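1. sharing a model prediction with you, sequence too.
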Amino acid sequence: MRLADLEKYDSVTIQCHDNPDADTIGAGFGLYTYFKSKGKNTRLIYSGKNRIHKANLKLMVDKLEIPIFYLEDTEPYIDGLLITVDCQYGAGNVTRLKAERVAVIDHHQIEIPNLELKEINSSLGSCSTLVWKMMKAEEFPVEEDSILGTALYYGLYSDTNQFAEIYNPLDMDMRDALTCNMSMIRLFRNSNLSLAELEVAGIAMIRYIYNDDHKYAIIRSKPCDPNILGMISDFLIQVDEVWSCIVYNEINDGYKFSVRSCIKEVNASELAAFVSERIGSGGGHMEKAGGFISKKLYEEYYPTLHSEAYFSERMNEYFDNTEVIYADQCEIDVTGMARYVKKKIPLGFVRAADILPVSTPITVRTLEGDVDMTVEPELYIMIGVKGEVYPSTKDRFEKSYQIIDKPYDLQDNASDTEYVPTIKNRMDGETRFLTSCAGTCITNGKTSIYAKQIDRMVKVFTTWGGERYMLGKKGDYLVVRCDDRHDIYVVEQDAFGKTYEPCEESAC
């Protein structure tokens, strides 16, 4: 669904969820601004038992002059189009209003099926990002409006625990692109905690579950602002016996949780995704992450399991069923592993030193996250069959590939690509698509690998990956280069079949 599809309605009512937060207000204001600019009869409303009362939200509405009003008595009928934003029409966290036509714009898991007009993307950290993306698709000049930019920025800022739990590259792109008033953001941020919430945090920290074997802690908090969960987890991870932790609370439509880690063997972003698998969404950074679990899906999959037991079981499953491999310290026993060679398929490559000076610090932004590097004479950046990005060296590249005289096209050469990777010069902030400066290569067939399918989670600290590990899930492939037993890595199941084929005996 596009915003342009909704322009046929002369009257547009945008409804935030009950007990509005900064994200639903920011996203709603974005839609209000868009439809108002199209000359529509537009209004921004919310309903429910409570009016907006938190100091930071009242400041946000007042300082940004957001025309949101409280619908005290449910109207019998909404003329024209009703858009529920950051919520889904008919769900438990939004008052159901009768309407001529309904559309949904949300970033949570689908709760209400069979909605005809909807744009739902549960991989995003905020609904503000989704609205920004939709406005950009209509070439609306979002970056020229600092008031709108501030509202959208604060929506993302609040829903991702001050960006600690930001993980989708589109969230990062919006954060970097918006023009906003940072003095207002500081004002809103410093009015975020009430005395009652301070008490909630204090009580929560003395009621914890601790696992001595895996050095993790779990805390269930009383209902509070999501940022309070981040504050509690930031404090908890400083305890010397706690290496990772989850702090969560129950909200109207599910569970909000915050994750922290202080060891390289546990990536907080990946742990958040694991905890919310099938029933929610999660992600963030290596040390800080968070997520959301849908109550509807939770009760469907775990109807008899108490929430504290669920988080404990998932944490134990995460640690007990994971193998950690340090590539530079071991050689994999290849007995029983089959040999493969890369198919002669086009891949993308970039010689980093061809596009930026040596020693330039860069960030390569991909769907899997940001990767910080420094341009070196030997650094090559490869683009795989699913748009995935990984580093290589000149020596390894020349041994394995041959360059072909053909422009690289991501859409032609990669499948299921949700995001085009970018490269950012951290010295001057300039960003460009990595594909715009990529060449094309194919394997020369001279390098073979050993590979086997894995039956549990595997984390591989590669010889070139530094502090980050490659995660392999059940069904993925553990790969070892035949000419270097320390070159160990993981290839996703789907990508493996597209990239490798069995090695003929004569070639091996």
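-> In hand now; what should we look at?

2. give the next helix or strand downstream of the worst-scoring helix or strand of the chain on mean pLDDT.
-> Here the helix or strand of the chain ranked lowest by mean pLDDT, DSSP states H and E is helix 410-413, holding a mean of 77. Under the assignment DSSP states H and E, the closest C-terminal helix or strand after helix 410-413 is strand 422-425.

3. next one: that following strand to chain centre, how far?
-> 18 Å (C-alpha atoms, centre = their mean, to the nearest Å).

4. what's the helix or strand that comes right after that strand packed up against?
-> The helix or strand immediately downstream of strand 422-425 is strand 431-433, counting by DSSP H and E. With contacts defined as 3 or more C-beta pairs under 8 Å, 6 or more residues apart in numbering; DSSP states H and E, the packing partners of strand 431-433 are strand 422-425. All C-beta atoms are positioned from the backbone trio N, CA, C, and that covers glycine.

5. could you say what helices and strands the strand it packs on packs with?
-> strand 361-366, strand 431-433.

6. hey, C-alpha coordinates of the biggest helix by length in the chain in PDB?
-> In the chain, taking DSSP state H as the definition, the longest helix is helix 22-37. The C-alpha atoms that make up helix 22-37 are tabulated as PDB, following Å, rounded to 0.1, in the frame of the first residue of the first chain:
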ATOM      1  CA  ALA A  22       6.100   9.300  21.200                       C
ATOM      2  CA  ASP A  23       6.200   6.900  18.200                       C
ATOM      3  CA  THR A  24       2.500   6.800  17.500                       C
ATOM      4  CA  ILE A  25       2.300  10.600  17.900                       C
ATOM      5  CA  GLY A  26       5.300  11.200  15.700                       C
ATOM      6  CA  ALA A  27       4.100   8.700  13.000                       C
ATOM      7  CA  GLY A  28       0.600  10.100  13.200                       C
ATOM      8  CA  PHE A  29       1.900  13.700  12.800                       C
ATOM      9  CA  GLY A  30       3.800  12.600   9.800                       C
ATOM     10  CA  LEU A  31       0.600  11.300   8.100                       C
ATOM     11  CA  TYR A  32      -1.300  14.400   9.200                       C
ATOM     12  CA  THR A  33       1.400  16.600   7.600                       C
ATOM     13  CA  TYR A  34       1.300  14.600   4.400                       C
ATOM     14  CA  PHE A  35      -2.500  14.500   3.900                       C
ATOM     15  CA  LYS A  36      -2.900  18.100   5.000                       C
ATOM     16  CA  SER A  37      -0.400  19.100   2.200                       C
END
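
7. can you give me how far that helix is from the chain middle?
-> Shown here is helix 22-37, whose average C-alpha point lies 22 Å from the average C-alpha point of the whole chain (C-alpha atoms, centre = their mean).

8. now do it, average pLDDT.
-> The average of the pLDDT scores along helix 22-37 is 96.

9. quick check: phi and psi at residue 203.
-> As for residue 203, its main-chain torsions (degrees, to the nearest 10) stand at phi -70, psi -40.

10. ok, now which ones touch the closest residue to it other than its chain neighbours?
-> Of all residues not flanking residue 203 in the chain, residue 222 sits nearest, at 7.1 Å (C-beta to C-beta, 6 or more residues apart in numbering). Contacts for residue 222 (C-beta atoms under 8 Å, 6 or more residues apart in numbering) come out as 200, 203-204, 249.

11. pLDDT below threshold where in this structure?
-> Judged by pLDDT under 70, the chain has its weakly predicted residues at 73-76, 368, 415-416, 465-466, 505-508.

12. which helix or which strand is home to the residue nearest to residue 165 when sequence neighbours are not counted?
-> For residue 165, ignoring the flanking residues on the chain, the nearest one in space by C-beta to C-beta, 6+ apart is residue 290 at 3.5 Å. Here residue 290, judged by DSSP H and E, is contained in strand 288-294.

13. count the neighbours of residue 493 for me.
-> Residues lying near residue 493 (other C-beta atoms under 10 Å) number 14.

14. residue 453 versus that one, what's the distance?
-> Residue 493 sits 8 Å away from residue 453 when distances are taken as C-beta to C-beta, to the nearest Å.

15. okay, and the common contacts of those two?
-> Taking C-beta under 8 Å, 6+ apart as the contact criterion, the common neighbours of residue 493 and residue 453 are 475-477.

16. among the residues you listed, which are in strands?
-> Of the positions in these, residue 477 sit in strands, assigned by DSSP state E.

17. apart from its chain neighbours, what residue comes closest to residue 407?
-> Nearest residue to residue 407, sequence neighbours excluded (C-beta to C-beta, 6+ apart): residue 440, at 6.9 Å.

18. what about the helices in the stretch 51-200 of the chain?
-> Counting by DSSP state H, counting those that start in this stretch, the stretch 51-200 of the chain forms helices over residues 55-63, 127-137, 146-159, 169-177, 182-189, 195-204, given from the N-terminal end onward.

19. residues contacting the third one, please?
-> The reference is to helix 146-159. Contacts with helix 146-159, where a contact means C-beta under 8 Å, 6+ apart, come from 21-27, 29-30, 33, 60, 64-66, 125-129, 131-132, 142-143, 163, 166, 171, 174-175, 178-181, 184-185, 188-189, 226-227.

20. would you map the strands across the stretch 251-400 of the chain?
-> Secondary structure of the stretch 251-400 of the chain by DSSP state E, counting those that start in this stretch: the strands cover 254-261, 280-284, 288-294, 322-326, 338-342, 347-351, 361-366, 369-374, 379-383, 389-393.

21. which other helices and strands contact the first one?
-> Right, strand 254-261. In terms of contacts (3+ C-beta pairs under 8 Å, 6+ apart), strand 254-261 is packed against helix 226-236, strand 244-251, helix 268-275, strand 280-284, strand 288-294, helix 295-301.

22. tilt between the first one and strand 244-251?
-> In this structure, helix 226-236 runs at an angle of 160 degrees to strand 244-251, with axes from the mean of the first three to the mean of the last three C-alpha atoms, to 10 degrees as the basis.

23. so what does helix 226-236 touch, helix or strand wise?
-> Using 3+ C-beta pairs under 8 Å, 6+ apart as the contact definition, the elements that helix 226-236 packs against are helix 146-159, helix 195-204, strand 216-220, strand 244-251, strand 254-261, strand 288-294.

24. export those to JSON lines and append columns for distance to residue 333.
-> JSON lines is the format used below for the helices and strands packed on helix 226-236 (distance: least, C-beta to C-beta, whole Å):
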{"stretch": "helix 146-159", "distance to residue 333": "46"}
{"stretch": "helix 195-204", "distance to residue 333": "47"}
{"stretch": "strand 216-220", "distance to residue 333": "31"}
{"stretch": "strand 244-251", "distance to residue 333": "30"}
{"stretch": "strand 254-261", "distance to residue 333": "30"}
{"stretch": "strand 288-294", "distance to residue 333": "34"}
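
25. related to what we said a few turns ago, can you list the buried residues in the longest helix of the chain?
-> 22-35 (16 or more other C-beta atoms under 10 Å).
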